[in-house]
Structure formats: structure tokens, C-alpha cells
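Colleague: sequence and computational prediction follow.
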Amino acid sequence: MKALHFGAGNIGRGFIGKLLADAGFDVTFADVNETVVNALIERKEYPVKIVGEECVVEIVKNVTAVNSSTDAVIDCIAEADLVTTAVGPTVLKIISKSIAQGIEKRAAAGNTTPLNIIAAENMVRGTSQLKEAVLEHLSDETKAFVEDHVGFVDSAVDRIVPPAEAGETDPLAVTVETFSEWIVDKTQFKGNIPNIPGMECTDNLMAFVERKLFTLNTGHLVTAYFGVLAGHETVKDAIEDEKIRAQVKATMEESGAVLIKRYDFDPEAHAAYIQKILDRFANPYLRDEVDRVGRQPIRKLSPQDRLVKPLNGTLEYGLPNQHLLEGIAAAFHYKNDDDPQAVELQAMFQEKGFAETLAHYSELDKDSEVVKLAEDAYLKLK
């Protein structure tokens, strides 16, 4: 079985690529980083340090790579059984053309072996969005081929993969936490579902997508923003601050109440899941800087993301939301001159004020009570 994975960064190598290689796939990474690509071609293996209660290093074997800006990637798609991605939301549209060209070549060669494509991205229904972008490049004839032979499978992913450790000289070395979760929508596959230990199948993906978004993502971001306010450098330092830990836990309990109402989650099981997330943030082996986690506040204030989507759930079900509002308020205190979105948010905030800026990015009603409460929360944080 052949797999092509777009994105040979830390998440690609430390999470999805590793699961595929461990499952026996011949894995080819596609990336534009020539140093990483050449090292994978030469060595055909790389080390992954897995850190939890103890540290172990595992060697991922039977891998190679291609430059994703060359025609070699199109040939790989034409022959692959599985295509996965870990490139970030903004790059999905860029790679959609190459995926479309690979599908065209596959169709022209008469290769009707099922191809499944899974975007393992930190976004809601990322594969469905990738599919829309791919279809824009295809003829009606090839679209019919896709309908019969290509599955676009949505997924939810969860694993903390921090940047490379200070002083690390191996371009292929990567550190990951012990915990990982990759859940896929089993109703969207074409042909047989591949047997990949660590990949879980469900017919109710949105429950797990929102569980991760409302818990891990919401909690991570709130930890970062309150960590910045308190002068902490890392997520670990921030979550060990008792005041911040209480804030983060209370925020995840508010978002969790939405999940319990919407998906009938067991309250005790979800409380245990929240505790597991808090413990993960405190992993002593993971150095995750709050500035990195807080980046792209505009995206994270959008209606489908980790702050506003659970807030809208509390409004839908008439549930408490004070701590979620404080998390949104804290986003307006995040300043990072190296992050274009943080710069843009602050510029509009200075020109238009809190209510109009929040309404613009979140699609909340500027004159609503909830926006006024969020502004009150901002002023109290100030």
C-alpha cells in the first residue's frame, strides 16, 4: 500500500506519517523544504521522541520524499492508495491543484483502484473544503471519476507537537506527546477502510471534531492568552499558575456543557477528558511557547473556531459563558508584531473599537448583549 503525505513538518512526521509507516504503508512525504526532503530521500528513516511519563525514541522507517512543487508529486498521487495532509488550512487550497492533476493522470491511466484523501488538519471538515478546491480544477468527466473512485474523508486530529528543541541539529528529529487521536468519518471512504492502528472510525465525526475543538483547542488558546497576560513564556508555565488553571478549566467546562447538551456526552467521562487535557498541557517534556499557540487570533475568533463556536452553543442552549467571554476578551490583549493577524486585529481595534472589531471577525451582532458582555470582560482584564 502506498501513501503520499503532504507536509513533512513536525506534525506530518511525528503524527500522521508515523502512523502510516507503522501500519506498513510505503510513505512518501511531499514538501517544499529541500533540506528535509533530501534528508528523507537519503536516510529513508527518522527519529521520533515520544514524551510522557518517560521518554522513548522510535525510528520511523520505509519513508522517502518528493518536492511538492515538482511533477513527481503528481505521479505519486496517480499511484497512491491514500493521500493525507498536515499542511495547515491556508496551504490546502495551494496543493489542491496538484491533487487534481494527480487524479486526472490516474483517470487517464484507467486506475480505478480506490483512492482515499484525508486532510488531517486542525480545522472543521477540512477534507470537505479540500474536495471543493480540488473539484474546481477538474472537468465534468473527471468529477464523475472522483465520484466513483475517490473518497474525501473528513477527520479530527489531536496531538501536541511542539517546535524543534533548542540546539537540535537533525532536521528530521521530532518530539511528540504520548497521547494521539485521529478519528475519521467511516461513511466517506471508497472501497475498504485501511487498517491503521491509531486511526479510529466513527459515523458521528462532528461530535469528536467539536469535542476536540471545544476542549483541547479552546483550552490551549485560553492558556496561551492568559499566560501572555501573566508574563509566562510557555503553556506549561501558564497552566501551573493556579489562577490560570482554574480559568482554563472553567472555560472548558462551559464549552463542555454545550457538548453534553448537543451530543449527549456522559458528564463524568467529559470531566475526565478535561482533566486529561489539563495534564497534557503540564507535560514537562513539551516546551510550547504561549506566543506560538496564540498566533492568528483573527482565525481563532471566527464563527466556526474555538472561542466563538462554543460561545454560540451557550447562546443556543441558554448556558453560562462568562469564562468563554473572558477568553475572547483576552484575545484582544494579544499583541505580536511578528504575527500579521495580531497586527491586523490590533489596528482595527484601535480604529473601530472593541464591539465593531469583534462583530466583524466573529459575525456576532455588534449591538448584542453578548458583545457588550465581552467588552466588559475586556475592560476588567485591562
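Modeller: Noted; the coordinates are in hand.
Colleague: report the separation between Q350 and V184.
Modeller: 43 Å (Cβ to Cβ, to the nearest Å). Placement of C-beta: from N, CA and C, glycine included.
Colleague: which one of the two has more residues nearby?
Modeller: V184 (25 against 9; other Cβ atoms under 10 Å).
Colleague: these two touch, right, that one and G151?
Modeller: No. V184 is beyond contact range of G151, at 10.1 Å (criterion: Cβ atoms under 8 Å).
Colleague: only the buried residues of stretch 318-325, if you could.
Modeller: Neighbour counts over stretch 318-325 (16 or more other Cβ atoms under 10 Å) mark L319, N321, H323, L324, L325 as buried.
Colleague: how far does that stretch stretch from start to finish?
Modeller: Stretch 318-325 has its terminal residues 14 Å apart, counting by Cα to Cα, to the nearest Å.
Colleague: residues in contact with that stretch?
Modeller: For stretch 318-325, the surrounding residues in contact (Cβ atoms under 8 Å, 6 or more residues apart in numbering) are 218, 222, 247, 250-251, 253-255, 257-258, 261, 307, 310-311, 313-315, 370, 373-374, 377.
Colleague: could you chop the chain up by domain?
Modeller: Domain assignment of the chain by automatic domain parsing yields the ranges 2-202, 206-381.
Colleague: the most centrally placed residue in the chain: what secondary structure?
Modeller: Most central in the chain under Cα atoms, centre = their mean is N122, positioned 1.6 Å from the mean C-alpha point. At N122 the chain is in coil, as set by DSSP: H, G, I helix; E, B strand; the rest coil.
Colleague: which other helices and strands does the helix or strand hosting R280 contact?
Modeller: Assigned by DSSP states H and E, R280 belongs to helix 267-281. Secondary-structure packing of helix 267-281 (3 or more Cβ pairs under 8 Å, 6 or more residues apart in numbering; DSSP states H and E): helix 218-230, helix 235-239, helix 242-263.
Colleague: figure out which of these is closest to Q296.
Modeller: helix 218-230 (10.0 Å; Cβ to Cβ).
Colleague: helices or strands up against that closest one?
Modeller: Against helix 218-230 (3+ Cβ pairs under 8 Å, 6+ apart) you get helix 235-239, helix 242-263, helix 267-281, helix 290-293, helix 322-331.
Colleague: L324 and V222, how far apart?
Modeller: Taken as Cβ to Cβ, the span from L324 to V222 is 9 Å.
Colleague: can you redo the helices and strands packed on helix 267-281 as JSON lines with mean neighbour count, distance to K49 and mean pLDDT?
Modeller: Output for the helices and strands packed on helix 267-281, formatted as JSON lines (neighbours: other Cβ atoms under 10 Å; distance: least, Cβ to Cβ, whole Å; pLDDT from 0 to 100):
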{"stretch": "helix 218-230", "mean neighbour count": "25", "distance to K49": "21", "mean pLDDT": "98"}
{"stretch": "helix 235-239", "mean neighbour count": "24", "distance to K49": "17", "mean pLDDT": "97"}
{"stretch": "helix 242-263", "mean neighbour count": "19", "distance to K49": "26", "mean pLDDT": "98"}
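Colleague: who wins for proximity to T142 among those?
Modeller: Per Cβ to Cβ, nearest to T142 of the helices and strands packed on helix 267-281: helix 242-263, 37.1 Å.
Colleague: chain center to the closest one: distance?
Modeller: Relative to its chain's centre, helix 242-263 lies at 20 Å (Cα atoms, centre = their mean, to the nearest Å).
Colleague: contacting residues around it?
Modeller: 204, 207, 210-211, 214-215, 218-219, 222-223, 226-227, 230, 232, 238-239, 265-267, 270-271, 274, 277-278, 281, 310, 313-314, 316-317, 319-324, 326-327.
Colleague: cutoff 7 Å now
Modeller: 207, 210-211, 214-215, 218-219, 222-223, 226-227, 230, 238-239, 265, 267, 270, 274, 277-278, 310, 313-314, 317, 319-321, 323-324, 327 (Cβ atoms under 7 Å, 6 or more residues apart in numbering).
Colleague: stretch 300-307 now?
Modeller: Contacts of stretch 300-307 (Cβ under 7 Å, 6+ apart): 124, 213, 217-218, 221, 299, 308-309, 312, 324, 327-328, 331, 361-363.
Colleague: 6 Å instead?
Modeller: Applying Cβ atoms under 6 Å, 6 or more residues apart in numbering, the contact partners of stretch 300-307 are V124, L213, N217, T218, L221, G327, I328, A331, Y361, S362, E363.
Colleague: run a quick neighbour tally on the closest residue to D291 other than its chain neighbours.
Modeller: Spatial nearest neighbour of D291, excluding adjacent residues (Cβ to Cβ, 6 or more residues apart in numbering): N336 at 5.9 Å. As a burial measure, N336 scores 18 neighbours (other Cβ under 10 Å).
Colleague: same deal with D148?
Modeller: D148 has 10 nearby residues by other Cβ under 10 Å.
Colleague: check for me that it belongs to a helix.
Modeller: Yes. Under three-state DSSP, D148 falls within a helix.
Colleague: and it, how far from P114?
Modeller: 9 Å.
Colleague: before we move on, the earlier item: can I get the buried residues of stretch 318-325 in CSV with pLDDT and distance to V36?
Modeller: Listed next are the buried residues of stretch 318-325 as CSV, based on pLDDT from 0 to 100; distance: Cβ to Cβ, whole Å:
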residue, pLDDT, distance to V36
L319, 98, 45
N321, 98, 43
H323, 98, 40
L324, 98, 38
L325, 98, 42
